[in-house]
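Colleague: sequence and predicted structure, then a few things I'm wondering about:
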Amino acid sequence: MIAAATLGALACAVSTQAQTETLPYDHMHLAAANRQQAMDWYLRHFGAARHELGDRVAFGRVTFSWFERATSIASDGSVIDHIGFSVPDVDVKLAELQAAGVKVLAAGRNVPGLFTVAFIEDPWGVKIELVQDPETLGFHHIHMRLPDPEKSLAWYQARFGGERAKLKGRLDGLRYDGLWLLVQQADGAPRSEGRAIDHLGWRVRSLEATIAGARSRGDRITMEPRMIRDVQVGVIEDPDGVRIELAQRPQF
């Protein structure tokens with residue numbers, strides 16, 4: 001009986017460990033009328049690196065790729081409201097962007113206990129927060145608007161792992177190799193599909209196993225696994241309409 005109980009506890013521990021493994025955050029999939037112009041814009045203004053595939057850019061291990069659509073609804077107010085970049089000096093960066101004709105949504109202001117922030121919008125409707133966080137420069141965070149932040153963070157951690165932490169001791173979130181996933185309380189935000197920020201993306205070890213796990217938990221699967229180039233991908237949605245692409249790449 002003791003041996004059986006011990007084996008059962010070990011099995012449970014292994015299962016829990018597998019469920020909570022932190023998976024790499026893989027990509028942002030945005031929309032723009034012209035992919036090359038969008039790539040050039042992020043290369044010029046945010047120091048992205050050219051990706052070896054040539055039709056996307058990279059910030060570390062996270063790639064930014066684009067759907068080419070003539071028009072898209074801006075991300076502002078949707079379930080994936082904005083993304084954030086940390087820069088050495090928000091005021092200097094904002095002046096540079098304004099001089100280049102970039103749309104400013106909110107001028108720089110200091111948020112006590114956090115840092116200086118400002119908001120801009122890229123030419124295709126992606127809302128971007130500029131933050132002055134010297135601890136994490138570059139691609140800094142993804143900010144979502146969902147009805148129950150605590151429940152949502154638990155949902156994401158159960159599926160993709162992540163380090164539960166508070167940004168500057170104030171904002172609850174999950175960290176994926178330095179990238180923050182933050183959730184703000186908001187009721188009735190529009191779904192992400194078709195917006196300027198179309199979906200999120202995580203890298204998985206086995207897409208087949210991940211989709212099987214999603215199906216067993218009752219997650220909504222909106223695209224069954226298929227091959228795109230050398231990557232096997234599938235799409236699920238969180239309970240509030242955030243589209244999430246799962247990517248199994250040749251190298252994890």
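Modeller: Arrived safely, thanks for sending. Numbers count the residues shown, from 1 in each chain.
Colleague: CA only for contacts and neighbour counts going forward, please
Modeller: Will do.
Colleague: quick one, helices of the stretch 101-250 of the chain?
Modeller: When assigned using DSSP state H, counting those that start in this stretch, the helices of the stretch 101-250 of the chain occupy the ranges 149-160, 207-217.
Colleague: so which of those helices is the most surrounded?
Modeller: Ranked by mean neighbour count, those are led by helix 149-160 with a mean of 17 (mean count of other Cα atoms under 10 Å).
Colleague: distance from that one to the middle of the chain?
Modeller: 13 Å (Cα atoms, centre = their mean, to the nearest Å).
Colleague: which strands and helices sit next to that helix?
Modeller: Applying 3 or more Cα pairs under 8 Å, 6 or more residues apart in numbering; DSSP states H and E, we find helix 149-160 packed against helix 2-19, strand 171-176, strand 179-185.
Colleague: which stretches of the stretch 1-150 of the chain form strands?
Modeller: With strands called from DSSP state E, counting those that start in this stretch, the stretch 1-150 of the chain shows them at 25-32, 49-50, 57-59, 62-68, 80-86, 103-110, 116-121, 127-131, 138-146.
Colleague: distance check, Q36 against G84.
Modeller: According to Cα to Cα, to the nearest Å, Q36 stands 21 Å off from G84.
Colleague: please apply the same query to G125.
Modeller: Distance from G125 to G84, by Cα to Cα: 14 Å.
Colleague: picking that back up, between the strands of the stretch 1-150 of the chain, which one is nearest to A189?
Modeller: Judged by Cα to Cα, the one of those that comes nearest to A189 is strand 138-146, at 6.7 Å.
Colleague: before we move on, back to that, reformat the helices of the stretch 101-250 of the chain as a markdown table; add distance to I197 and mean pLDDT.
Modeller: Shown next, in a markdown table, are the helices of the stretch 101-250 of the chain (distance: least, Cα to Cα, whole Å; pLDDT from 0 to 100):
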| stretch | distance to I197 | mean pLDDT |
| --- | --- | --- |
| helix 149-160 | 18 | 97 |
| helix 207-217 | 23 | 96 |
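Colleague: out of the strands of the stretch 1-150 of the chain, which is closest to A209?
Modeller: strand 25-32 (17.7 Å).
Colleague: just checking: what are the partner strands of that closest one?
Modeller: For strand 25-32, the paired strands and their directions (DSSP bridges) read strand 62-68 (parallel), strand 197-203 (antiparallel).
Colleague: circling back to that earlier point, mind putting the strands of the stretch 1-150 of the chain into CSV with mean neighbour count?
Modeller: Formatted as CSV, these follow (neighbours: other Cα atoms under 10 Å):
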stretch, mean neighbour count
strand 25-32, 23
strand 49-50, 16
strand 57-59, 21
strand 62-68, 19
strand 80-86, 24
strand 103-110, 15
strand 116-121, 21
strand 127-131, 25
strand 138-146, 23
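Colleague: save the ones you listed as CSV, and put in mean pLDDT too.
Modeller: Output for those, formatted as CSV (pLDDT from 0 to 100):
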stretch, mean pLDDT
strand 25-32, 98
strand 49-50, 96
strand 57-59, 97
strand 62-68, 97
strand 80-86, 98
strand 103-110, 97
strand 116-121, 98
strand 127-131, 98
strand 138-146, 98
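Colleague: which among those is found nearest to R195?
Modeller: Taking Cα to Cα, strand 25-32 is the member of those nearest to R195, at 7.4 Å.
Colleague: what does the closest one contact?
Modeller: Counting contacts by Cα atoms under 8 Å, 6 or more residues apart in numbering, the residues outside strand 25-32 that touch it are 38, 61-72, 124, 126, 176-177, 195-203, 247.
Colleague: output that strand as PDB, nothing but the C-alphas.
Modeller: Backbone C-alpha positions of strand 25-32 (Å, rounded to 0.1, in the frame of the first residue of the first chain) are rendered in PDB as follows:
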ATOM      1  CA  TYR A  25       7.600  32.400 -25.900                       C
ATOM      2  CA  ASP A  26       7.900  32.000 -29.700                       C
ATOM      3  CA  HIS A  27       6.400  34.800 -31.700                       C
ATOM      4  CA  MET A  28       4.100  37.800 -32.200                       C
ATOM      5  CA  HIS A  29       1.900  37.700 -35.300                       C
ATOM      6  CA  LEU A  30       0.800  41.100 -36.400                       C
ATOM      7  CA  ALA A  31      -1.000  42.500 -39.400                       C
ATOM      8  CA  ALA A  32       0.200  45.100 -41.900                       C
END
